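In: sharing a model that was predicted from the sequence below.
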There are 2 protein chains.
Amino acid sequence: MDRTARHSENRYGNRPTMKDVAARAGVGLKTVSRVVNSEPGVTPDTERRVQEAIDALGFRRNDSARVLRKGRTASIGLVLEDLADPFYGPLSRAVEEVARAHGALLINGSSAEDPEREQELVLALCARRVDGLIVIPAGDDHRYLEPEIKAGVATVFVDRPAGHVEADMVLSDSFGGAREGVAHLIAHGHRRIGFIGDQPRIHTVTERLRGYRAAMADAGITVEEEAWVSLGSTDPARVRPAVEAMLAGPEPVTALFAGNNRVTVTAVRVIAERERPVALVGFDDIELADLLGITVISQDAAAVGRTAAEHLFRRLDGAAHPPSRVELPTRLIPRGSGELPPA
Amino acid sequence: MDRTARHSENRYGNRPTMKDVAARAGVGLKTVSRVVNSEPGVTPDTERRVQEAIDALGFRRNDSARVLRKGRTASIGLVLEDLADPFYGPLSRAVEEVARAHGALLINGSSAEDPEREQELVLALCARRVDGLIVIPAGDDHRYLEPEIKAGVATVFVDRPAGHVEADMVLSDSFGGAREGVAHLIAHGHRRIGFIGDQPRIHTVTERLRGYRAAMADAGITVEEEAWVSLGSTDPARVRPAVEAMLAGPEPVTALFAGNNRVTVTAVRVIAERERPVALVGFDDIELADLLGITVISQDAAAVGRTAAEHLFRRLDGAAHPPSRVELPTRLIPRGSGELPPA
DNA sequence: TCCCCTGTTGACAACGTTGTCCAGGGCCTA
DNA sequence: TAGGCCCTGGACAACGTTGTCAACAGGGGA
């Protein structure tokens, strides 16, 4: 098999280059470059000839070469947990919107909550020389990013703090939100309150748990650890029995605090199957939660994304202040389920 | 000061290049390249020295240069309507998963249902030389893609057919699904059935409307166009009064068919405010719809994304068959709202 | 008439990587 | 011991673009 032939066939089909355009228009290479980039110093007549050649050949500038030459890719990377999670859709969209306003494209990837996969993704993005990175950390050690950050890749961590690395962060007030939610339940007469959360490895999980404990302590309630606190994953196959266990037995909990949107959904399902009403407050808002009367601690995913992206581009525009840490407030939205009295 | 160092400082921060690594390891440039790409023909000892230099300098291969040289970017583009829409999250995630299995990254953008923005995005992606494109069309004329497709950019259109261009398509059976949903309502005794949809410019909208008409015609029902059919946007500010109008008056509709998930959500809200029960079937499934008892025509967003991505990579792997058109089936999920009798 | 100035244009190098090809050294075989 | 072969390593060009700089033409002023 002839290698050269296969090779050329495997390239960009037969993409015309500026050289081809130049030849066809009968001008120099650089003149084409000028036209393509709307640089001044080209007579209207020449410009027209070049433009005709461009249209005729279907030429499109090769941004890879441009990037190589200029050093900026006009693209940013976003690494999150799961694009299919309704919390991350709006967040991602908000980031995209800001990026678009700055003429940048968005490359994104899901870490699936796996630190190794996070690192793999982030480094792949760095190899592409994205100008900046927005990372929702899966792991808790980001020293692998040090050379990148030192080399000038603007980086913003979102939703959870970075591990062992200095960088901007945009977080939600997980502690305060959970504390408020649990206090809300206590204010409605509950004392036996269960907490169901994701893996304790995740920062927001421990923060929310801390908020739960704080609210309980404020009310002088001693938490029955074994019976009232359940951490693990958001898989319904785990959450469901955990919730059922809390609601069973001689002294069941009368209220539940659900650590995130995935957990809330499963909790709602379990509760719906029972006769006895159970109070519930969930972290994160959910679509149609208003119709189901679910009280939630809402965090504005779009605002989080927008804020993070704005920070990022401020860095890219040269801001050199020390790493900042923004904490966005949460909001309690009472809709009924959090205002039920103890059974 | 060393020339190389000063130079690279001006570019990507101060990114070391293979040349720097080679100098430090005391080997040739190409040897570094071999190590980085795990090519054979390097003694373990040399490899170790190179690897040490790489680690010491924090070197990361510049994929822009690699792409320029190799002609493949190992990235694909996905242009959809709105990443924040719960239908597109899972779709996007499925595409990403397939891309990942093929070692490719995903660049995505939202067209916001604006044909111009779609074109702008697609062409930007082409300039980046993505290997392939998955497009959920906003516009209905894609002739602008002709030179790209001819140049070898694999392209798959999803959810809606392409305009004036030969390419693979992966669609859902909008017509059949809507027809089945409306027939379901008719089977439960309804004859006055309203249809609420998005902009008629969108292919799926007219297809679903066609399904509605077909089901009505099958049952010998004459559609009262003015009163029963409402198209426009998915903005609640428009949908809400439209639904209210259908449910008002001396001869209101007794059932509604909602054209997509956004519309369904608003319809559910309006219905929830009323005393008289109104039957409802919605196109697209919605989270928690099971708890609210909403009957839906479900299309598997993840399956759509996966199928499209698989088609794309088959093309990239050399498949040369003529453009195919896949239509994925929908599924009626009865949950109560679609089985209500006429009031 | 000459010269300078301005405005257009093109030649050329460089960006960082990979493919090609060649050189040298060590080892095996005859 | 000579010849040949394999294995390792390096020099060099090329990918398509942009920045630099110089050339050139035309016009106007002295």
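Out: That came through, no problem. Numbering: from 1, shown residues only, chains lettered A, B, ... in the order given.
In: use CA for all of it now, contacts and neighbours both
Out: OK.
In: what about the residue in the stretch 151-300 of chain A positioned nearest to DNA strand C, distance to chain B?
Out: Going by CA to the nearest atom of the strand, DNA strand C is nearest to A:Ala151 of the stretch 151-300 of chain A, at 11.8 Å. For A:Ala151, the distance to chain B equals 5 Å [CA to the nearest CA, to the nearest Å].
In: tell me which stretches of chain A form strands.
Out: Here chain A has its strands, by DSSP state E, at A:75-80, A:105-110, A:132-135, A:154-158, A:168-172, A:193-196, A:229-230, A:255-258, A:279-283, A:295-298, A:325-328, A:331-333.
In: mean neighbour count, distance to B:Pro16 and mean pLDDT for those strands - can I get that in a markdown table?
Out: A markdown table is the format used below for the strands of chain A (neighbours: other CA atoms under 10 Å in any protein chain shown; distance: least, CA to CA, whole Å; pLDDT from 0 to 100):
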| stretch | mean neighbour count | distance to B:Pro16 | mean pLDDT |
| --- | --- | --- | --- |
| strand A:75-80 | 26 | 21 | 96 |
| strand A:105-110 | 25 | 24 | 93 |
| strand A:132-135 | 26 | 18 | 96 |
| strand A:154-158 | 26 | 17 | 96 |
| strand A:168-172 | 23 | 25 | 96 |
| strand A:193-196 | 26 | 47 | 97 |
| strand A:229-230 | 20 | 48 | 97 |
| strand A:255-258 | 29 | 48 | 98 |
| strand A:279-283 | 29 | 45 | 97 |
| strand A:295-298 | 26 | 45 | 98 |
| strand A:325-328 | 16 | 30 | 96 |
| strand A:331-333 | 19 | 47 | 98 |
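In: for chain B, which of the ones you listed is the nearest?
Out: With distances scored as CA to the nearest CA, the stretch of the strands of chain A nearest to chain B is strand A:105-110 (4.2 Å).
In: for DNA strand C, what is the nearest residue in the stretch 51-200 of chain A?
Out: The minimum distance from the stretch 51-200 of chain A to DNA strand C, using CA to the nearest atom of the strand, falls at A:Arg69 (3.6 Å).
In: identify the residue nearest A:Gln51 in space, chain neighbours excluded?
Out: Once flanking residues are discounted, A:Gln51 sits nearest to A:Val35: 7.6 Å by CA to CA, 6 or more residues apart in numbering or on different chains.
In: now for the one you found: which residues touch it?
Out: Contact analysis of A:Val35 by CA atoms under 8 Å, 6 or more residues apart in numbering or on different chains lists A:Val42, A:Glu47, A:Val50, A:Gln51.
In: can you check A:Gly41 too?
Out: Contacts for A:Gly41 (CA under 8 Å, 6+ apart) come out as A:Arg34.
In: how does it look with 10 Å?
Out: By CA atoms under 10 Å, 6 or more residues apart in numbering or on different chains, the contact set of A:Gly41 is A:Thr31, A:Arg34, A:Val35, A:Glu47.
In: just the buried ones from these, in ChimeraX syntax?
Out: A single ChimeraX command is used to select the members of the contacts of A:Gly41 judged buried by 16 or more other CA atoms under 10 Å in any protein chain shown:
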select /A:31,35,47
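In: of the contacts of A:Val35, grab the buried ones for PyMOL.
Out: Buried subset of the contacts of A:Val35, written as a PyMOL selection, criterion 16+ other CA under 10 Å:
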select buried, chain A and resi 47+50+51
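In: list just the nearest of the contacts of A:Val35 to B:His164.
Out: Using CA to CA, A:Gln51 is the member of the contacts of A:Val35 that lies nearest B:His164, at 24.3 Å.
In: separation between that closest one and B:Glu120?
Out: The spacing between A:Gln51 and B:Glu120, counted by CA to CA, to the nearest Å, is 18 Å.
In: next one: A:Arg160
Out: 34 Å.
In: neighbour-wise, which of these two wins?
Out: Applying other CA atoms under 10 Å in any protein chain shown to A:Arg160 and B:Glu120 shows that A:Arg160 carries more neighbours, namely 22 against 13.
In: residues in contact with the more buried one?
Out: Contacts of A:Arg160 (CA under 10 Å, 6+ apart): A:135-140, A:169-172, A:174, A:202-205, A:207.
In: cool, and A:Glu180?
Out: Counting by CA under 10 Å, 6+ apart, A:Glu180 has contacts A:Ser174, A:Ile186, A:Gly211, A:Tyr212, A:Ala214, A:Ala215, A:Ile297, A:Thr330, A:Arg331, A:Leu332.
In: repeat for A:Arg24
Out: Counted by CA under 10 Å, 6+ apart, A:Arg24 has contacts A:Met18, A:Arg49, A:Val50, A:Glu52, A:Ala53, A:Ile54, A:Ala56, A:Leu57.
In: what is the burial count for the last one?
Out: Burial of A:Leu57, expressed as a neighbour count using other CA under 10 Å, amounts to 16.
In: wait, it sits on A:Ala23?
Out: No - counting by CA atoms under 10 Å, A:Ala23 is not a contact partner of A:Leu57; they are 11.3 Å apart.
In: shared neighbours, these two?
Out: A:Thr17.
In: what does chain A put close to DNA strand C?
Out: By CA under 7 Å from any atom of the strand, the part of chain A that sits against DNA strand C consists of A:3-4, A:26-31, A:40-43, A:46-47, A:65, A:68-69.
In: the same query, at a cut-off of 6 Å, please.
Out: Contact residues (CA under 6 Å from any atom of the strand) of chain A with DNA strand C: A:Arg3, A:Thr4, A:Val27, A:Gly28, A:Lys30, A:Thr31, A:Gly41, A:Val42, A:Thr43, A:Thr46, A:Leu68, A:Arg69.
In: tell me how many other residues surround the one residue in the stretch 201-343 of chain A that gets nearest to DNA strand D.
Out: Residue nearest to DNA strand D within the stretch 201-343 of chain A: A:Asp317 (17.0 Å; CA to the nearest atom of the strand). By other CA under 10 Å, 9 other residues sit near A:Asp317.
In: against DNA strand C, how distant is it?
Out: Relative to DNA strand C, A:Asp317 is positioned 21 Å away (criterion: CA to the nearest atom of the strand, to the nearest Å).
In: likewise for A:Ala303?
Out: A:Ala303 is 36 Å from DNA strand C, by CA to the nearest atom of the strand.
In: list phi and psi for the closest residue to A:Arg262 other than its chain neighbours.
Out: Among residues not flanking A:Arg262 along the chain, A:Thr234 sits closest, at 5.9 Å (CA to CA, 6+ apart). When read as degrees, to the nearest 10, the backbone of A:Thr234 gives phi -100, psi 0.
In: count the neighbours of A:Thr234 for me.
Out: Neighbours of A:Thr234 (other CA under 10 Å): 21.
In: pretty sure it is touching A:Pro200, no?
Out: No - using CA under 10 Å as the test, A:Thr234 is too far from A:Pro200 to be in contact (11.5 Å).
In: tell me where the stretch 101-250 of chain A has helices.
Out: Here the stretch 101-250 of chain A has its helices, by DSSP state H, counting those that start in this stretch, at A:115-127, A:146-150, A:174-187, A:203-218, A:225-228, A:236-247.
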